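Asks: give me a model of this one.
(one chain, ligands or ions: 1)
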Amino acid sequence: MTNFWKQLSKPIVALAPMEDVTDTVFREVIRSVSDPAALQVLFTEFTSTDGLCNKIGRRNVSSRLLVSDTERHWIERTQTKLVAQIWGSDPDKFFRSAQLISEIYQFDGIDINMGCPVKKVVKSKSCSALINDPMLAKEIILATKEATQLPVSVKTRIGFNQIITEKWIGELLDVNPAAITVHGRTQSMLSTGKALWSEIAKAVQLRNDRKSDTLILGNGDVDSYVMAMDYVDRFGVDGVMVGTGIFKNPWMFNQLQSEVSMDMRVNLLKTHIRLYNEVWDETQNFNVLKRFFKIYVNGFNGAAEWRDKLMVCKNCMEALQVVGLLEERKMEYSRISH
Ligand SMILES: Cc1cc2nc3c(=O)[nH]c(=O)nc-3n(C[C@H](O)[C@H](O)[C@H](O)COP(=O)(O)O)c2cc1C
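Replies: Numbers count the residues shown, from 1 in each chain. Model (predicted):
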């Protein structure tokens with residue numbers, strides 16, 4: 001199996017793993033409007049190794065690893081990469097999960113979450129808690145690498161309570177992951193303050209000093225393609241991972257699309273709802289879809305009113321009816337609001 005990370009042209013641009021956001025449907029929606037040269041890597045939502053290693057648990061978490069036939073079609077057509085992200089605290093379960101992922105799924109790589117700051121996962125000594133236990137973190141990476149031919153990467157932060165970028169990234173470099181995505185905040189910063197890109201640059205410098213071939217991607221507060229390219233130049237990273245920036249502009253990975261019209265937004269919303277209905281049917285909570293409405297229904301007069309109408313819908317069919325009404329009456333609304 002090849003290490004796809006090495007074959008990507010730089011700078012690398014990736015869409016961040018986001019729970020209840022980057023499912024197969026949203027990934028397909030974004031792929032459908034992106035330039036594959038400007039978005040090379042996408043990630044699944046983080047998936048529990050405890051869940052994957054347990055029969056009943058696996059049923060609960062496997063939706064996170066689902067790749068629909070239509071997303072698979074996009075992957076093949078665009079040659080973009082898809083990485084499964086996993087989390088947990090037991091190296092043996094990472095080993096078994098990596099084996100399972102390699103045997104029954106078709107991912108291009110496995111990423112280990114060492115960054116999620118949420119209390120519940122920290123309590124279970126997983127994710128960002130591993131920053132406080134580098135021995136265990138390294139054991140987990142080695143166990144995962146041993147179980148699979150797929151490239152193994154890590155997504156992490158610059159420290160737990162304190163900034164310890166060089167010390168922590170140095171520990172990770174010891175076991176040579178294919179790539180490390182560094183989010184420029186500590187665990188205790190959660191999502192507050194600004195992401196510290198100067199710290200991300202220190203991780204790059206350390207990697208260079210050690211002559212390691214691990215790629216370093218930076219993450220935090222990037223909300224346009226232009227900004228991503230600027231940060232590559234300024235901070236020396238091999239690539240940039242974008243998370244919430246996509247909510248501002250789903251077309252951000254398409255440089256040709258400088259103007260996003262109301263029609264484009266409404267059409268993409270329709271695609272999203274239809275795909276969501278096809279893939280998840282009644283099995284997934286419709287409320288999960290509601291968080292996306294703001295992405296598409298904004299930037300025109302009356303947008304808030306239409307969002308309210310969508311928010312009271314109870315299922316995809318009702319939502320599609322509201323979108324139909326919006327389309328019929330779009331002439332009244334299409335003036336852009338500032
Ligand atoms: C709703 C949401 C869900 C997230 N879920 C994950 C996840 O499953 N795995 C992960 O590594 N990070 C997760 N993150 C963190 C993002 O991947 C990213 O690191 C963070 O949003 C900062 O990047 P940004 O400033 O570009 O948004 C999540 C973030 C958000 C907002």
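Asks: how about the helices in the stretch 201-338 of the chain?
Replies: 225-235, 245-248, 262-280, 286-290, 293-296, 303-311, 316-328, 330-333 (DSSP state H, counting those that start in this stretch).
Asks: and for the third one, what's in contact with it?
Replies: Outside of helix 262-280, the residues within contact range by Cβ atoms under 8 Å, 6 or more residues apart in numbering are 23-26, 28-29, 32-33, 63, 66, 68, 70, 250-251, 257, 284, 289, 292-293, 295-300, 316-317, 319-320, 323, 326-327, 330, 333-334, 336. C-beta here means a position set from N, CA and C on the backbone, and glycine is covered the same way.
Asks: Thr214: neighbour count?
Replies: Applying other Cβ atoms under 10 Å, we find 20 residues neighbouring Thr214.
Asks: hmm, it is touching Thr181, no?
Replies: No: Thr214 is beyond contact range of Thr181, at 10.9 Å (criterion: Cβ atoms under 8 Å).
Asks: distance to Leu100 added to the helices of the stretch 201-338 of the chain, as CSV?
Replies: As requested, these are exported to CSV (distance: least, Cβ to Cβ, whole Å):
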stretch, distance to Leu100
helix 225-235, 33
helix 245-248, 29
helix 262-280, 22
helix 286-290, 25
helix 293-296, 33
helix 303-311, 38
helix 316-328, 31
helix 330-333, 47
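Asks: what parts of the stretch 1-150 of the chain come near the ligand?
Replies: Neighbours of the ligand within the stretch 1-150 of the chain, by Cβ under 6 Å from any ligand atom: 16-19, 21, 45-46, 85, 113, 115-116.
Asks: what residues does stretch 312-321 touch?
Replies: So stretch 312-321 is in contact with 270, 273-274, 276-277, 282, 286, 289, 310, 322, going by Cβ under 8 Å, 6+ apart.
Asks: okay, and the helix or strand of this protein with the least pLDDT?
Replies: When each helix and strand of the chain is scored by mean pLDDT, DSSP states H and E, helix 330-333 comes last, with a mean of 75.
Asks: who are the packing partners of that one?
Replies: Contact partners of helix 330-333 among helices and strands, from 3 or more Cβ pairs under 8 Å, 6 or more residues apart in numbering; DSSP states H and E: helix 262-280.
Asks: just the angle for the helix it packs on relative to helix 303-311, thanks.
Replies: 20 degrees (axes from the mean of the first three to the mean of the last three Cα atoms, to 10 degrees).
Asks: just the CA trace of helix 262-280, in CSV.
Replies: Provided in CSV are the C-alpha atoms of helix 262-280 (Å, rounded to 0.1, in the frame of the first residue of the first chain):
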residue,chain,number,x,y,z
MET,A,262,-28.7,32.8,-4.1
ASP,A,263,-29.6,30.2,-6.8
MET,A,264,-26.3,28.3,-6.2
ARG,A,265,-26.9,28.2,-2.4
VAL,A,266,-30.5,27.1,-2.7
ASN,A,267,-29.6,24.4,-5.3
LEU,A,268,-26.8,23.1,-3.0
LEU,A,269,-29.2,23.0,-0.1
LYS,A,270,-31.6,21.0,-2.2
THR,A,271,-28.8,18.5,-3.1
HIS,A,272,-27.8,18.2,0.5
ILE,A,273,-31.4,17.5,1.8
ARG,A,274,-32.0,15.0,-1.0
LEU,A,275,-28.8,13.1,-0.4
TYR,A,276,-29.3,13.2,3.3
ASN,A,277,-32.7,11.6,2.8
GLU,A,278,-31.4,9.0,0.4
VAL,A,279,-28.5,8.0,2.5
TRP,A,280,-29.8,8.3,6.0
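Asks: and of the helices of the stretch 201-338 of the chain, who's closest to the ligand?
Replies: Proximity to the ligand (Cβ to the nearest ligand atom) singles out helix 245-248 among the helices of the stretch 201-338 of the chain, at 5.2 Å.
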